[in-house]
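1. Just a sequence and a predicted model for now, questions to come.
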Amino acid sequence: MENKNELLFAVREARRNLKDDADFRMADMLAVFEGIAPFLDRETILNMKCKGCDSYSCSHFPLSNDFWAVENQDYCHAKNLPLKHLSILKMAGCADYSQDAQKGLYDLVSSVLEEDLRPAFVERRLYDRNLFASYSVAFRVQKVNGNVCIEFGHKSGEEFIGSDIKLHFLRRLDPGLGPAASERIASSLKVGTIMAVEASQQTRRMLDVDYVLEWIAKKRKMDIVYL
């Protein structure tokens, strides 16, 4: 049964089969579920639950070692299959929901930023080729499931102006980085957290950034991959 009323029909069937001597709280709970069920379609469950879970990804590599094949479908790493293959009942009843991995990765990146990057770049200047001027280095953190990114840039008033340096911290492959990058990252992921550096050689030389990143990777026991 794959339709919007899948949960509603299941709850009504459970209410019909509820024994007379059942705990009254069970009947009350099923009544609540019956009232909520019509509003819980597939997309609602994805947005409320799956898209915030450690195991969720908006896309994945369906073929082993073929990083040029990407399926742009909601995917569950815990179950190793696209969410389109799960019924609404299976999705709603999943007990694997967790944000611990995301929190752990975000805490690690926050520590790298505050303890390592900010002190190392406090006196360095970043040249903006569009504005023909140098600025103090600023940072912006962006996160999606399985990938936390630190972007280098500078501030213009309240606005953040990004540069071409991005540090991606990963614990699983991210198709969003592209096939060539994923192929480079794949072998290193076996050891834990990866710091994938996305930057032009010119900007890396200008900021003299490589030795700082190598030091951070060694200190934090991460592998580093230059994209």
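-> Sure thing, it's come through.

2. Just give the nearest non-adjacent residue to the most centrally placed residue in the chain, would you?
-> By Cα atoms, centre = their mean, the chain has its centre lying nearest to Asn145, at 1.3 Å. With sequence-adjacent residues excluded and distances taken as Cβ to Cβ, 6 or more residues apart in numbering, Asn145 is closest to Tyr56, at 5.1 Å. For every residue, glycine as well, the C-beta is placed using N, CA and C.

3. picking up where we left off before, tell me how far the residue nearest to the centre of the chain lies from Gly52.
-> The gap separating Asn145 from Gly52 is 8 Å, by Cβ to Cβ, to the nearest Å.

4. ok, now Leu131?
-> Taking Cβ to Cβ, one finds Leu131 at 38 Å from Gly52.

5. more neighbours, those two?
-> Gly52 (14 against 11; other Cβ atoms under 10 Å).

6. nearest spatial neighbour of the more buried one, skipping sequence neighbours?
-> Counting by Cβ to Cβ, 6+ apart, the residue nearest Gly52 is Gln99, at 6.4 Å.

7. Dihedrals phi and psi, that neighbour?
-> phi -120, psi 20 (degrees, to the nearest 10).

8. and it, what is it in contact with?
-> 52-54 (Cβ atoms under 8 Å, 6 or more residues apart in numbering).

9. now swap in Gly192 and tell me
-> Gly192 touches 171, 221-223, counting by Cβ under 8 Å, 6+ apart.

10. Out of the residues you listed, grab the one that's most surrounded.
-> Met222 (20 neighbours).

11. Tell me where the chain has strands.
-> 56-57, 75-76, 81-82, 125-128, 133-136, 138-144, 147-156, 159-170, 194-198, 223-226 (DSSP state E).

12. and the second one, which strands flank it?
-> It refers to strand 75-76. Strand pairing for strand 75-76, using DSSP bridges, gives strand 56-57 (antiparallel), strand 81-82 (antiparallel).

13. Over to the last one?
-> The pairing partners recorded for strand 223-226 under DSSP bridges are strand 194-198 (parallel).

14. can you list contacts of the partner strand?
-> By Cβ under 8 Å, 6+ apart, strand 194-198 touches 164-171, 177, 181, 185, 188, 204, 213, 216-217, 220, 222-227.

15. now swap in stretch 211-227 and tell me
-> Residues contacting stretch 211-227 (Cβ under 8 Å, 6+ apart): 108, 112, 116-117, 120-121, 167, 169, 177, 180-181, 184-185, 188, 191-199.

16. Filter those down to the buried ones and hand me the PyMOL line.
-> Applying 16 or more other Cβ atoms under 10 Å to those, the buried members can be selected in PyMOL as follows:
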select buried, resi 108+112+116+117+120+121+167+169+177+181+184+185+188+193+194+195+196+197+198+199
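
17. Now do the phi/psi pair for the residue lying closest to Leu63 once chain neighbours are set aside.
-> The shortest distance from Leu63 to any non-neighbouring residue, by Cβ to Cβ, 6+ apart, is to Ala69 (4.8 Å). Per-residue torsions, Ala69: phi -110, psi 120 (degrees, to the nearest 10).
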